[in-house]
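Participant: Here's my sequence, what's the structure:
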Amino acid sequence: MANQEQGTKNAAQRSTSTATQWHTHQMATSSGKTIKSTYRNYLLCVLYFVGIACLWVLIRFVGLSSVPAFESFDYDALNHGGLFARAVILGSLIGTVFFFLTRALDTPAIRRRPYGMMIIIYALSNIICVLLVLIALTIMDIIVIKKPFTVSTFEARMMNVNFVVILVYYTLCSFVFVSIREINRKFGPGNLRKLLAGTFYHPREIEIIVMFLDLKDSTTYAERLGHLEFGSLIQDCFIDMSVVTNFEAQFYQYVGDEAILLWDVSEGIENGNCLQAYFAFNHRLAERRDYYQSRYGLVPEFKAGVNIGLATVLEVGEIKREISYLGDVLNTAARIQGQCSVYGENLLISETLHDRFLSIPDHLDIDAIGMTELRGRTQAVKLHRVKEHTTTN
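Facilitator: Just a heads-up that it's a prediction; the model follows:
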């Protein structure tokens, strides 16, 4: 019994050590992409709020002189350049605070909540964000016009209908921004844009990389945990699976305890992203082994099959519209994943995909395991197993 406990302890230590080594490697290889992605998202956020600030100026002042009720208004006396300059400053400040606030709130604890609750949390935090920025700008205005800063002066600028209208306007715009972001996340990054643009309204044939991921021993776990607790396990696993987006993966579907990931060919081949994504997820689970062990009494593991080929992509449905991928490439990837149990491997790829790699990361090994008959195919497929180096101290 003592030997068994020591063996379990050593295995956990090796897993933790390997996860730490992977984390170090991942930070080194993906930091450039992370910085680029963060910078792009920051710019989009700032540009959005600068845009709605300029829109506020346009709605409120442009064309005002043509409205009969404002005929006496001295429109020409307005400093138009100053108004738009203030709009750019205000939008930039709100966009910056909003961006870092939402990043701070973008945690697994928040993401596990229902969409409505998440949006409410973000909206309330955004009200505080906008309120602080407006207060800061009000104080700056008082200082710039060189009025003595007193409580009464501050209250006069803050406690008026104009301030409330601006606060409500930016809060609603923040709510719209968060809603669009969450809808985009639900459809998968980039898919909302494709749906709106009608990119796949007419069926098209494209080449993609497909990965089928399946939880090992899922039937045993479901019987042991019960359906509700097993459902919570799947939720936790799929939240941790989000790490694959660091390697350009796109979530296509969740089917029970399985997940289907897609890559554009160039992005999936580059740096072996479609392979590294699997190990990134695997090590995320290892890093959280203490949580899984204490909550469920197990540490989940996934097996995966990866293939490359042509697929037909199109929009389907009217009530629940989504982007669908059809083709033998998906069926073959599913069959390859099924062979993991046969060969006792965690990650198998097709010969077709293997031949497309110009190079693979140094910490990965790919070995051929021979021709294999796959159900539903008349010709055998050559499979390769993918493993990573592990360092023992």
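Participant: Now stretch 210-226: buried residues?
Facilitator: For stretch 210-226, burial by neighbour count (16 or more other Cβ atoms under 10 Å) applies to 210, 211, 212, 213, 214, 215, 218, 221, 222, 225. Glycine gets a C-beta too; all of them are placed from N, C-alpha and C.
Participant: Kindly report the same for stretch 194-212.
Facilitator: So stretch 194-212, judged by 16+ other Cβ under 10 Å, has buried residues 194, 195, 200, 208, 209, 210, 211, 212.
Participant: which phi and psi does the third one have?
Facilitator: The main-chain torsion angles of residue 200 are listed as degrees, to the nearest 10 and equal phi -120, psi 30.
Participant: can you offset everything so residue one is 34?
Facilitator: Got it, first residue is 34 now, which makes that one residue 233.
Participant: pLDDT value on it, please?
Facilitator: Residue 233 is assigned 75 on the pLDDT scale.
Participant: do the same with the last one
Facilitator: What the model reports as pLDDT for residue 245 is 96.
Participant: could you measure it against residue 318, distance?
Facilitator: Residue 245 sits 17 Å away from residue 318, taking Cβ to Cβ, to the nearest Å as the criterion.
Participant: for residue 303, same thing?
Facilitator: 24 Å.
Participant: Can you pick out the residue with more neighbours from those two?
Facilitator: residue 318 (21 against 16; other Cβ atoms under 10 Å).
Participant: The more buried one contacts residue 271, correct?
Facilitator: No. Using Cβ atoms under 8 Å, residue 318 makes no contact with residue 271, being 11.3 Å away.
Participant: quick revisit: same list (the buried residues of stretch 227-245) but as TSV, adding secondary structure.
Facilitator: Below are the buried residues of stretch 227-245 laid out as TSV (DSSP: H, G, I helix; E, B strand; the rest coil):
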residue	secondary structure
227	helix
228	helix
233	coil
241	strand
242	strand
243	strand
244	strand
245	strand
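Participant: so which helix or strand takes in residue 400?
Facilitator: Per DSSP states H and E, residue 400 falls inside strand 397-405.
Participant: Pairing partners for that strand, with directions?
Facilitator: Looking at strand 397-405 with DSSP bridges, its partner strands are strand 414-421 (antiparallel).
Participant: so how far is the strand it pairs with from its chain's centroid?
Facilitator: Averaging C-alpha positions (Cα atoms, centre = their mean, to the nearest Å) puts strand 414-421 28 Å from its chain's average.
Participant: Let me see the domain layout of the chain.
Facilitator: 70-220, 223-421 (automatic domain parsing).
Participant: and among these, the most buried is which?
Facilitator: With neighbours defined as mean count of other Cβ atoms under 10 Å, those peak in mean count at domain 223-421, which reaches a mean of 17.
Participant: Next, find the distance separating the residue lying closest to residue 267 once chain neighbours are set aside from residue 201.
Facilitator: Once flanking residues are discounted, residue 267 sits nearest to residue 290: 5.6 Å by Cβ to Cβ, 6 or more residues apart in numbering. Distance from residue 290 to residue 201, counting by Cβ to Cβ: 45 Å.
Participant: One more: residue 268?
Facilitator: With Cβ to Cβ as the criterion, residue 268 and residue 201 are 36 Å apart.
Participant: Next: residue 300.
Facilitator: Taking Cβ to Cβ, one finds residue 300 at 41 Å from residue 201.
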